[in-house]
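Chemist: This is a predicted model, with the sequence first.
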Amino acid sequence: MRRFRITYRLILREKELHFHIGVYNPSKDLSFTFNMLLHTYLKVPDVRRCQITGLQGCHFIDKTREGALYQEGREVVTVNEWTDRIYQHTPQEHVITNVVSGRKMRLHKYNFPDTVIWNPWIDRSREMSDFGDDEFPNMLCVEAGNVSSPVILLPGTCYEASQILQIIIEGNVSRKTKRNR
């Protein structure tokens, strides 16, 4: 049996949610590997109206097409069908539009090289016992993680990663800009 220690800390602020995770390998001589993904399910008014930035040019594994590898050409990614993609070597920040009452959300990640975009759409949602048949239009997963290649944790070392979800308030941004002029 491999022993390890994991810590998971959440900080809730008025317009932000911080996730911090640490994995420690106390062994003096054994390394181990693991994958990690933060399953971030976002409630959205209509998934078809959501847009995700920060993925253009990234390669992705499309699990809906037998794991084929593609390169994202779109400036903003939208979801209009069953989607299960592992985007590799993604930037630290994504902006997702039309979430939380139609607002924008910033996802900022540290030490998570991959971003998964997932929605089961109608046929897959019907196959899932813990997912309502009509819930797919109102959810979108934009998940930070280490999926395409595992983390190798050497003896006596620690791996740390974090994610911040932040609601972007458009009115506050423009007021600050006006004051600075």
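Modeler: Structure's in. What do you need?
Chemist: Quickly find the element holding F19.
Modeler: Assigning secondary structure by DSSP states H and E places F19 in strand 16-24.
Chemist: Counting by contacts, list what that strand packs against.
Modeler: Other elements packing on strand 16-24 under the criterion 3 or more CB pairs under 8 Å, 6 or more residues apart in numbering; DSSP states H and E are strand 5-12, strand 32-37, strand 158-168. For every residue, glycine as well, the C-beta is placed using N, CA and C.
Chemist: Show me which positions of that strand end up buried.
Modeler: The neighbour-count check on strand 16-24 (16 or more other CB atoms under 10 Å) flags F19, I21, V23, Y24 as buried.
Chemist: Just give the nearest non-adjacent residue to the third one, would you?
Modeler: Residue nearest to V23 in three dimensions, not counting chain neighbours: Y159, with 4.7 Å by CB to CB, 6 or more residues apart in numbering.
Chemist: what separates the closest residue to R74 other than its chain neighbours from E81, distance-wise?
Modeler: With CB to CB, 6+ apart as the measure, Q56 is the residue that lies nearest to R74, at 6.3 Å, once sequence neighbours are left out. According to CB to CB, to the nearest Å, Q56 stands 19 Å off from E81.
Chemist: CSV please, covering the buried residues of strand 16-24 and showing distance to M139 and pLDDT.
Modeler: Formatted as CSV, the buried residues of strand 16-24 follow (distance: CB to CB, whole Å; pLDDT from 0 to 100):
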residue, distance to M139, pLDDT
F19, 18, 97
I21, 23, 98
V23, 28, 97
Y24, 33, 97
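Chemist: Excluding chain neighbours, what is closest to V76?
Modeler: Counting by CB to CB, 6+ apart, V76 lies nearest to Q51, which is 4.1 Å off, once chain neighbours are set aside.
Chemist: can you pull the pLDDT of the spatially most central residue of the chain?
Modeler: The C-alpha lying nearest the average C-alpha coordinate of the chain belongs to E143 (CA atoms, centre = their mean; 1.8 Å). According to the per-residue confidence, E143 scores 97 in pLDDT.
Chemist: Select the longest strand from the chain.
Modeler: Counting residues, the longest strand in the chain under DSSP state E turns out to be strand 139-153.
Chemist: Compute the inter-axis angle for that one and strand 16-24.
Modeler: Taking axes from the mean of the first three to the mean of the last three CA atoms, to 10 degrees, one finds that strand 139-153 is oriented at 30 degrees with respect to strand 16-24.
Chemist: got the CA coordinates for strand 139-153 in PDB?
Modeler: The C-alpha atoms that make up strand 139-153 are tabulated as PDB, following Å, rounded to 0.1, in the frame of the first residue of the first chain:
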ATOM      1  CA  MET A 139     -24.500  22.800 -16.900                       C
ATOM      2  CA  LEU A 140     -21.000  23.100 -18.300                       C
ATOM      3  CA  CYS A 141     -17.800  21.500 -16.900                       C
ATOM      4  CA  VAL A 142     -14.600  23.500 -17.400                       C
ATOM      5  CA  GLU A 143     -12.100  21.500 -15.300                       C
ATOM      6  CA  ALA A 144      -8.500  22.100 -14.400                       C
ATOM      7  CA  GLY A 145      -6.300  19.100 -14.000                       C
ATOM      8  CA  ASN A 146      -3.400  16.800 -14.800                       C
ATOM      9  CA  VAL A 147      -5.100  14.300 -17.200                       C
ATOM     10  CA  SER A 148      -3.100  13.700 -20.300                       C
ATOM     11  CA  SER A 149       0.100  12.800 -18.400                       C
ATOM     12  CA  PRO A 150       0.500  11.800 -14.800                       C
ATOM     13  CA  VAL A 151       2.300  13.700 -12.000                       C
ATOM     14  CA  ILE A 152       5.400  11.800 -10.800                       C
ATOM     15  CA  LEU A 153       5.900  12.500  -7.100                       C
END
